[in-house]
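# next one to model:
(4 chains)
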Number of protein chains: 2
Amino acid sequence: MGIQERKEREKEHRKEEILDAAQKIFFEKGLSVATMDEIAEAAELSKGTLYLYYKSKEDLYLAVMMRGTQKLKEMFQRVVESNEATLKKLINIGESYMEFFKTSPNYFRMLHFAQLPQFHRQVSVEMKEQCDIESRKLWNLVIELFQRAIDEKLILAELNPIELTIILWSSATALMLKIDGEFEIWKDKMQIDLNETLKLSNSLLWRAILTEKGLNEFTMIKKT
Amino acid sequence: MGIQERKEREKEHRKEEILDAAQKIFFEKGLSVATMDEIAEAAELSKGTLYLYYKSKEDLYLAVMMRGTQKLKEMFQRVVESNEATLKKLINIGESYMEFFKTSPNYFRMLHFAQLPQFHRQVSVEMKEQCDIESRKLWNLVIELFQRAIDEKLILAELNPIELTIILWSSATALMLKIDGEFEIWKDKMQIDLNETLKLSNSLLWRAILTEKGLNEFTMIKKT
DNA sequence: ACGTTATTATGACTGTCAGTCAGTTATTAC
DNA sequence: GTAATAACTGACTGACAGTCATAATAACGT
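The predicted model follows:
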């Protein structure tokens, strides 16, 4: 039936419209200040209707967040599929993450906020599942690159690609969060440019995990 | 007047009693699930009275959190004042932090939840000030130790003690947060022991920042 | 002792907001 | 044209942070 399909499409479209409205409001005000009434008004729908498409405010928040995950995944995918050497790809992944943070700070904040155990109360199981799947895909892109770098003897053989991903990802994220929330404080009170600190942290970690071969290549890449 | 002083003491005592009750409830339920009515009941006071002593729920939360900061500061202070070599002290600071996380996970969570920009809306300026002061003291303990380690040529001279503190602190914190919220997931799905990952991350960073002299000392310490 | 003032405490009340649901409107099927 | 189904609405409920008029208690002066 063509009608069934059209209805399906329209339903999807409505879901996206609600998402657009929710994104606008969540970006402006954050999860707790934003109200469902506001979002409903922005979507030109009644509040009740929102609940026909999303189970809770938190679910809606996660749905917006997933757009961020999606965006980041696409950026990573472009790097993975590029015609670069493995090490260059890994460096580009890092730079993509930074670019994501700089150009989509709202998505970045959501991504991290939703990570917190404090958050996951009101979230439906299905939505959580979906998020986990998407986030897993993202991680796998990086893990596979690290595995490749180890196979190519660019990174010390005794290291585990999953652990490497966790370590580099976590330290980068932690510093970006600091940049996001405390950049001015550190700049003004301590004369510390956190962007430089992030670069330093990265460079320290890279130097610690590369083989001699990898380090040569790394230095070459960084020079140009 | 002795009466004035007694009243002062009693007021402080009441404040502490409220804090005890709030801590109990916040530990059990977290900020958003805990209610002021519950805390009032636990304190055997009416809700209105709580507001005579603390300006808002968030202020009360921060007041409990500050007990955590205090506790961590005392642990650090004990290390700083110990009769150990500088490098050993720095390692002990790291281990103290880990011990704090393991023995007081509730304080640890509060410390880092309150860090978020999402949090700071309802907080009074005075309380924020107080937190900043306490937190600054904590950081300075570590920064000074790093400075000493640089002076003693244990750590590369070109590194900045403040940046070092930020980097090591942030990466440790990020991994502890992961341990706190996702330990089982990584264990079960990926066979990763995040405690080991934290150790690895630390060891990588240390190896990257130590001078040859420092590295020798470090290896000696770690052996015993 | 006893009235007067100051301090401390109370809990009913207000405003706000997530989430619900009985009822309305629009769409499709027959 | 009418019955059945789907989409939507917004007034309502319950929960909760924060307030405030009032009450209870303590301190002080005479």
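
# which strands or helices does the longest helix seen in chain A pack on?
Identified as the longest helix of chain A according to DSSP state H is helix A:2-33. Applying 3 or more CB pairs under 8 Å, 6 or more residues apart in numbering or on different chains; DSSP states H and E, we find helix A:2-33 packed against helix A:36-42, helix A:47-53, helix A:57-80, helix A:105-115. (Glycine included, C-beta is placed from N, CA and C.)

# helix or strand right after the last one?
What it means is helix A:105-115. Scanning forward in sequence from helix A:105-115 by DSSP states H and E, the next helix or strand is helix A:125-151.

# model confidence over the helix or strand following that following helix, on average?
Next along the chain after helix A:125-151, taking DSSP H and E as the criterion, comes helix A:161-190. Mean per-residue pLDDT for helix A:161-190: 97.

# and helix A:161-190, which residues are buried?
For helix A:161-190, the neighbour count (16 or more other CB atoms under 10 Å in any protein chain shown) marks A:161-182, A:186, A:190 as buried.

# show me what contacts residue A:205?
For residue A:205, the contact set (CB atoms under 8 Å, 6 or more residues apart in numbering or on different chains) comprises A:167, A:168, A:171, B:204, B:205, B:208.

# could you give the average pLDDT over the helix or strand containing it?
For residue A:205, the element it lies in under DSSP H and E is helix A:194-209. Across helix A:194-209, the average pLDDT comes to 98.

# what angle do it and helix A:125-151 make?
Relative orientation of helix A:194-209 versus helix A:125-151 (axes from the mean of the first three to the mean of the last three CA atoms, to 10 degrees): 60 degrees.

# how far does helix A:194-209 sit from its chain's centre?
Centroid separation between helix A:194-209 and its chain, computed with CA atoms, centre = their mean, to the nearest Å, is 20 Å.

# which element follows that helix toward the C-terminus?
Proceeding N to C from helix A:194-209, the next assigned helix or strand is helix A:212-223, under DSSP H and E.

# flag the shaky bits of chain A, pLDDT-wise.
By pLDDT under 70, the low-scoring segments of chain A are A:1-2.

# repeat that with 80
Chain A contains residues with pLDDT under 80 at A:1-7, A:120-121.

# can you pull the residues of it lying near chain B?
Within chain A, the positions lying close to chain B (CB under 8 Å from any CB of the partner chain) are A:30-33, A:109, A:113, A:115-118, A:121, A:159-160, A:162-163, A:166-167, A:170-171, A:173-175, A:178, A:180-181, A:186, A:190, A:192, A:194, A:196-197, A:200-201, A:204-205, A:207-209.

# how does it look with 7 Å?
With CB under 7 Å from any CB of the partner chain as the criterion, chain A meets chain B at residues A:30, A:32, A:113, A:117-118, A:162-163, A:166-167, A:170-171, A:173-175, A:178, A:181, A:190, A:192, A:197, A:200-201, A:204-205, A:207-209.

# rewinding a little: which single one of the contacts of residue A:205 is nearest to residue A:82?
residue A:168 (19.3 Å; CB to CB).

# ok, now which ones touch the closest one?
Residues near residue A:168 by CB atoms under 7 Å, 6 or more residues apart in numbering or on different chains: residue A:205.

# please repeat the previous calculation with a cut-off of 10 Å.
A:90, A:93-94, A:97, A:142, A:146, A:201-202, A:205-206, A:209, B:171, B:201, B:204 (CB atoms under 10 Å, 6 or more residues apart in numbering or on different chains).

# right, and residue A:127 touches residue A:57 too?
No: under the criterion of CB atoms under 10 Å, residue A:127 is not in contact with residue A:57, lying 11.7 Å apart.

# what is in contact with these two at once?
Residues touching both residue A:127 and residue A:57 (CB under 10 Å, 6+ apart): there are none.

# sorry, back to before: flag every buried residue along the helix holding residue A:205.
For helix A:194-209, a neighbour-count test (16+ other CB under 10 Å) marks A:194, A:197, A:198, A:200, A:201, A:202, A:204, A:205, A:206, A:208, A:209 as buried.

# thinking again about what came up before, tabulate the contacts of residue A:205 (CSV), appending distance to residue B:217.
As requested, these are exported to CSV (distance: CB to CB, whole Å):
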residue, distance to residue B:217
A:167, 24
A:168, 27
A:171, 24
B:204, 18
B:205, 16
B:208, 16
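
# residue A:152: which of those residues is nearest?
Relative to residue A:152, the closest of those is residue A:168; by CB to CB it sits at 17.4 Å.

# measure the closest one to residue A:116 for me?
Residue A:168 sits 21 Å away from residue A:116 when distances are taken as CB to CB, to the nearest Å.

# again, but for residue A:124
Residue A:124 is 17 Å from residue A:116, by CB to CB.

# equivalent analysis for residue A:165, please.
Residue A:165 is 20 Å from residue A:116, where distance means CB to CB.
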